[in-house]
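[1] this one's structure only:
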Ligand SMILES: *Cc1c(COP(=O)(O)O)cnc(C)c1O
């Protein structure tokens, strides 16, 4: 047998992405708080639209996503729909940005605890991922500006960030965007922007600067993680580049219909947002009462800090034995932490009860 051909440089350095666990052996009734999913499910309107679109499965979907882009533009205060691109989750946009703007010899900058997909997509494009330090689990603008070189093509920050839940404010974002070298695109990953109060996810900044690009997703607030829809907003030039490379039929009829109905269902978003804020405050207060510190979170999860990795692992195992699945973010350089998605009232109650029982030993 002849040898399999070698892949492009960089690809074998990619570590396989691990999704959040969803099962515990021997426990049937689990509450999954490991993937930042919407505990209220998708909106009923999105489910109905997806069901109606099933009958059109024989037809190719449209390639320009005009109707979904118009809905997104509307709901976000009248964006220019021609500056929006729709994708298979925001992961596809992250991937396309790396493929289109970075290659061998180039650097892709991210923050120390940044989302793992940035480094994966950079390597897949043959570029080198570069990590800049954070300060107290927050994006450090000066560290990013120091780390940016003439080779830097892309700078990714998630805002609010995952897995830390912290938010970089408007003035800092402007300073970062204006301080980066020429020829470098700042990507603001807004996967959790809907959960942050009084924050537009960087849309205004991207609206006025050609070196800023925003990515958004239907996977978190909209409860469509399984449907795989995301979108990006940036200058027409960047959108044009991405549209040349993305698959023309990247989104199915069903996904397009579900996403459009979801983005228009503002009552559902308001309900989810209010409940997330309430349960998030309850979770942080419950953690604090057990002397488990956490940073204020602007997202739909809380990063709980333990004394060390062993204590975090012990708590994680105990929670699992009670059917509560959270995320131990070792691969994010946070081995002493557990990232806990905010559940509904019942899920949060179960998590807090289990934490109390763990503390009691
Ligand atoms: C969940 C998440 C995404 C969303 O990925 P999709 O491909 O849209 O499901 C993007 N960025 C960050 C930081 C995330 O946590």
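    Thanks, I have the structure now. Note that the structure is predicted; figures quoted are calculated from it, not measured. Numbers count the residues shown, from 1 in each chain.
[2] tally of neighbours for whatever residue of the chain ends up closest to the ligand?
    Closest contact between the chain and the ligand, by CB to the nearest ligand atom, is at residue 89 (2.5 Å). C-beta: built from backbone N, CA, C; applies to glycine. Residues contacting residue 89 under the criterion other CB atoms under 10 Å number 22.
[3] with residue 153 instead?
    Count around residue 153 with other CB under 10 Å applied: 22.
[4] again with residue 207
    16.
[5] surely it touches residue 77?
    No: contact between residue 207 and residue 77 fails when scored by CB atoms under 8 Å: they sit 10.0 Å apart.
[6] these two touch, right, the residue of the chain closest to the ligand and residue 232?
    No: Residue 89 sits out of contact with residue 232 when judged by CB under 8 Å, with a separation of 11.2 Å.
[7] right, and residue 21 touches residue 328 too?
    No: under the criterion of CB under 8 Å, residue 21 makes no contact with residue 328, lying 9.3 Å away.
[8] those two: who's more crowded?
    Counted by other CB under 10 Å, residue 21 and residue 328 do not tie: residue 328 has more neighbours, with 22 against 16.
[9] state the pLDDT value of the residue nearest to that one when sequence neighbours are not counted.
    Leaving aside its sequence neighbours, residue 328 sits nearest to residue 316 (CB to CB, 6 or more residues apart in numbering; 4.9 Å). Per-residue confidence (pLDDT) for residue 316: 98.
[10] and what of residue 21?
    Residue 21 is given a pLDDT of 81.
[11] against residue 327, how distant is it?
    8 Å (CB to CB, to the nearest Å).
[12] where along the stretch 201-350 of the chain do the strands fall?
    For the stretch 201-350 of the chain, the strands defined by DSSP state E, counting those that start in this stretch occupy 212-217, 230-233, 301-305, 324-325, 337-341.
[13] nearest to residue 197, of those strands?
    Proximity to residue 197 (CB to CB) singles out strand 301-305 among the strands of the stretch 201-350 of the chain, at 15.8 Å.
[14] any part of the closest one near the ligand?
    No: Strand 301-305 stays out of contact with the ligand when judged by CB under 6 Å from any ligand atom, the minimum separation being 8.9 Å.
[15] and that strand, what does it pack against?
    For strand 301-305, the packing partners by 3 or more CB pairs under 8 Å, 6 or more residues apart in numbering; DSSP states H and E come out as helix 266-289, strand 337-341.
[16] what stretches of the chain score poorly on pLDDT?
    Counting by pLDDT under 70, the chain contains no low-confidence range.
[17] spell out which parts of it neighbour the ligand.
    36, 89-91, 115, 158, 162, 189, 191, 217, 219-220, 225, 230.
[18] need the contact partners of stretch 39-50.
    With CB atoms under 8 Å, 6 or more residues apart in numbering as the contact definition, stretch 39-50 has outside contacts at 222-224, 227, 254-255, 257-262, 264-265, 268-269, 271-272, 275, 341-344, 347.
[19] show me where the protein has its helices.
    44-53, 66-75, 89-101, 116-124, 141-147, 170-179, 203-208, 236-245, 253-264, 266-289, 309-321, 345-360 (DSSP state H).
[20] closest one to residue 3 among these?
    helix 116-124 (22.0 Å).
[21] now the closest one: how far from the chain's centre is it?
    14 Å (CA atoms, centre = their mean, to the nearest Å).
[22] and the angle for it with helix 89-101?
    Here the directions of helix 116-124 and helix 89-101 differ by 30 degrees (axes from the mean of the first three to the mean of the last three CA atoms, to 10 degrees).
[23] which residues touch helix 116-124?
    Applying CB under 8 Å, 6+ apart, the set of residues contacting helix 116-124 is 10-11, 13-15, 17, 91, 94-95, 97-99, 102, 108, 110, 128-129, 131, 154, 156, 331-332.
[24] now the buried members of the residues you listed.
    Neighbour-count burial (16 or more other CB atoms under 10 Å) applied to the contacts of helix 116-124 gives 10, 91, 94-95, 97-99, 102, 108, 110, 128-129, 131, 154, 156, 332.
[25] what's the farthest-apart pair in those residues?
    99 and 332 (23.9 Å).
[26] dump the residue contacts of the closest residue to residue 355 other than its chain neighbours.
    Excluding its sequence neighbours, the residue lying closest to residue 355 (CB to CB, 6+ apart) is residue 290, at 5.9 Å. Residues counted as contacts of residue 290 (CB under 8 Å, 6+ apart) are 355-356, 359.
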